[in-house]
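Trainee: no sequence for this one, just the structure:
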């Protein structure tokens, strides 16, 4: 590939939809509450978050946000979606991995290695390059799981990285610009993916309500929304309910 034309600015209309794995992850603090941490981790958490907290929150008050850092959080759900189009028939399949984190990561790893391991395969998420993909790779290392090739960026040139990001595609080179998934869906005329919870409530739903099904539903809706955004960026019809299959 010409190094002057990185993958992120290739005409996305030319990408075969069947070669894209759309994904979203949900994360929570690794420990249920701040007081469950040992003294060393408490100190490290306080140091890690001192600039984000400033003087507005104590380290303990800020702990409900621990899920956004791979060193202090863990993955409780990975939802993926992929097209299995044949001729003029569209078929978008959605599935989720949830439960114990190490098993989640192993199962996701197996999916990548067995079904999305070819050069033409790419991963796609919203803000995935900044959050989902680094988080996945770091948690695999922490859990002593070999990083699959699609997540291992070491030694790869920018145009060799097999990742698409709908946030990056929407930026059009404006790197200071951030648009949430919900806002982008709204302006593009896509039904909102958000249900009865949002990202800030996932930890409470996981630890207090113990309702993983709500989290899975929330995660899958986001995955579908990413695919819908990608279709809209290609000026294609949105998926309808009959074309979406939960497996």
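Mentor: Happy to help now that I have it. Source: prediction; values computed, not measured.

Trainee: which SSE is immediately downstream of whichever strand or helix holds residue 215?
Mentor: Element membership for residue 215 (DSSP states H and E) is helix 212-233. The C-terminal neighbour of helix 212-233 among helices and strands, as given by DSSP H and E, is strand 244-246.

Trainee: parallel or antiparallel, list what pairs with that following strand.
Mentor: strand 92-98 (parallel) (DSSP bridges).

Trainee: show me what the strand it pairs with is in contact with.
Mentor: 76-84, 103-104, 107-108, 212, 215-216, 219-220, 223-224, 227, 239, 243-247 (CB atoms under 8 Å, 6 or more residues apart in numbering). Quick note: C-beta positions are derived from backbone N, CA and C, even for glycine.

Trainee: ok, back up a step: give the other helices and strands that the helix holding residue 215 contacts.
Mentor: strand 20-29, strand 73-83, strand 92-98, strand 122-125, helix 166-171, helix 181-187 (3 or more CB pairs under 8 Å, 6 or more residues apart in numbering; DSSP states H and E).

Trainee: that one: how far from the chain's middle?
Mentor: Helix 212-233 sits 10 Å away from the centroid of its parent chain (CA atoms, centre = their mean, to the nearest Å).

Trainee: looking at the helices and strands packed on helix 212-233, which is nearest to residue 204?
Mentor: Residue 204 sits nearest to strand 20-29 of all the helices and strands packed on helix 212-233, at 8.9 Å, using CB to CB.

Trainee: packing partners for that closest one?
Mentor: Strand 20-29 sits against strand 73-83, strand 122-125, helix 132-142, helix 202-204, helix 212-233, with contacts defined as 3+ CB pairs under 8 Å, 6+ apart.
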